[in-house]
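**Q** Sharing a model that was predicted from the sequence below.
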Amino acid sequence: MTSAGSLAAVHARAPGKINVFLKVGALLDDGYHDVAIAYQAVSLYEDVRVHHADDFSVEVAGTVEVSRVPTNGSNIAIKAARLLARKAGYRAGARISITKRVPVAGGMGGGSADAAATLLACDALWGTDLPREELLGLARELGADVPFALTGGTAIGTGRGDQLSPALAKGNFQWVLVLADFGLSTPAVYAELDRHRDRHAQDIFPADPTPTVDTNVLQAIRAGDPHMLAETLHNDLQAPAIHLQPSLAEILELGEQNGALAGVISGSGPTVAFLAADLDGALELQIALSAARMNVVRATGPVHGARIMQD
Ligand code: ATP
């Protein structure tokens, strides 16, 4: 156990995620939707370092475009640190430095990873040592994807996406990700989905209010079989994301023409995730898409959730 103030700084790392399956339920009276998600944590990491300070501040750098990330109290890392301080009765603050590798507003949960890493790092820095269940409760308050960034691996999320149950997974999947030079706002993509459903006879085929994850997805993940998983990749937010950004359809097409087993928009996009058969297939696809002047990174999954790094 760590006593408050005994560490000068703490470094925590948390992964981005791909939604390999995402079904959106009917619009509920409170304006939200229930979802059924199969999450996979992938090897694109956010590094968060926290130092003791009287107040709260954040600085952001990284390998992705970070100009859209706020550096005031609306940054989710500051919200996470403040929430933990309030809940644990800690009276000082933290200076937070983030190195981002997950594309901003890319549908890969970069902000959620920052929040999860900040919770862990501040908990260690301040010696507040909250039980895991309480940290998960705070994560849930911060956002639907934050609990998964803490747990990592492969998991099924229901409710708002934050009711997690781990899924058995074997082996490693090889992903090639095309990062867009624009972001998509998650609420805007959901609003487009609702408009689309209104236009298309939802009274005849209404969306299931409590959607579930297809059992074939779970089987494919359990078998570690990329061909099987490729058959089951699915995202209800893909059509509305393409409607808002038609260029995404061309990217999906190009990846599939160049050897991807399948492609899917991750979360609310605009990152497009292509599944490759193996490492060689992923490398070839990466070269082909880079030659088409796309911003491409490779990642594997599943990987661990947020954890403290010993520098
Ligand atoms: P999700 O898939 O969880 O909905 P996302 O991956 O599409 O999210 P994020 O990169 O997490 O998107 O951020 C979405 C928005 O949140 C950004 O456009 C930005 O304005 C704001 N934001 C607040 N804090 C952060 C942060 N630490 N990193 C990135 N964006 C942040």
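**A** Received, thanks.
**Q** The closest residue to the ligand within the stretch 201-311 of the chain - how many residues pack around it?
**A** Distances between the stretch 201-311 of the chain and the ligand by C-beta to the nearest ligand atom are smallest at residue 267, namely 4.1 Å. (Glycine included, C-beta is placed from N, CA and C.) Counted by other C-beta atoms under 10 Å, the residues lying close to residue 267 total 27.
**Q** For the residue nearest to residue 147 when sequence neighbours are not counted, give me its contacts.
**A** Computed as C-beta to C-beta, 6 or more residues apart in numbering, the closest residue to residue 147 that is not its neighbour in sequence is residue 139, at 4.4 Å. Contact analysis of residue 139 by C-beta atoms under 8 Å, 6 or more residues apart in numbering lists 115-116, 119, 146-147, 149-150, 162.
**Q** now residue 39
**A** 17-20, 145, 148, 154-157.
**Q** neighbours of residue 191, just the number please.
**A** 14.
**Q** Before we go further, it is sitting in a helix, right?
**A** Yes - the assignment for residue 191 (DSSP: H, G, I helix; E, B strand; the rest coil) places it in a helix.
**Q** residues of stretch 284-293 that come out buried?
**A** Buried residues in stretch 284-293, counted by 16 or more other C-beta atoms under 10 Å: 285-286, 288-289.
**Q** would you list these in CSV and tack on distance to residue 49?
**A** Shown next, in CSV, are the buried residues of stretch 284-293 (distance: C-beta to C-beta, whole Å):
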residue, distance to residue 49
285, 34
286, 30
288, 37
289, 32
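**Q** What about those residues, which are in helices?
**A** Per DSSP state H, helices hold the following members of those: 285-286, 288-289.
**Q** filter the contacts of residue 139 down to the ones near the ligand?
**A** Here nothing survives when these are matched to the ligand using C-beta under 6 Å from any ligand atom.
**Q** State the pair within the residues you listed that is farthest apart.
**A** 119 and 162 (14.1 Å; C-beta to C-beta).
**Q** Show me which of these two is the more surrounded one.
**A** residue 119 (29 against 20).
**Q** which one is that one nearest to, not counting chain neighbours?
**A** Using C-beta to C-beta, 6+ apart, the closest residue to residue 119 is residue 80 (5.1 Å).
**Q** is it fair to say that neighbour lies in a helix?
**A** Yes - under three-state DSSP, residue 80 sits within a helix.
**Q** so it touches residue 140, yeah?
**A** No - in this structure, residue 80 is not within contact of residue 140 by C-beta atoms under 8 Å, at 11.8 Å.
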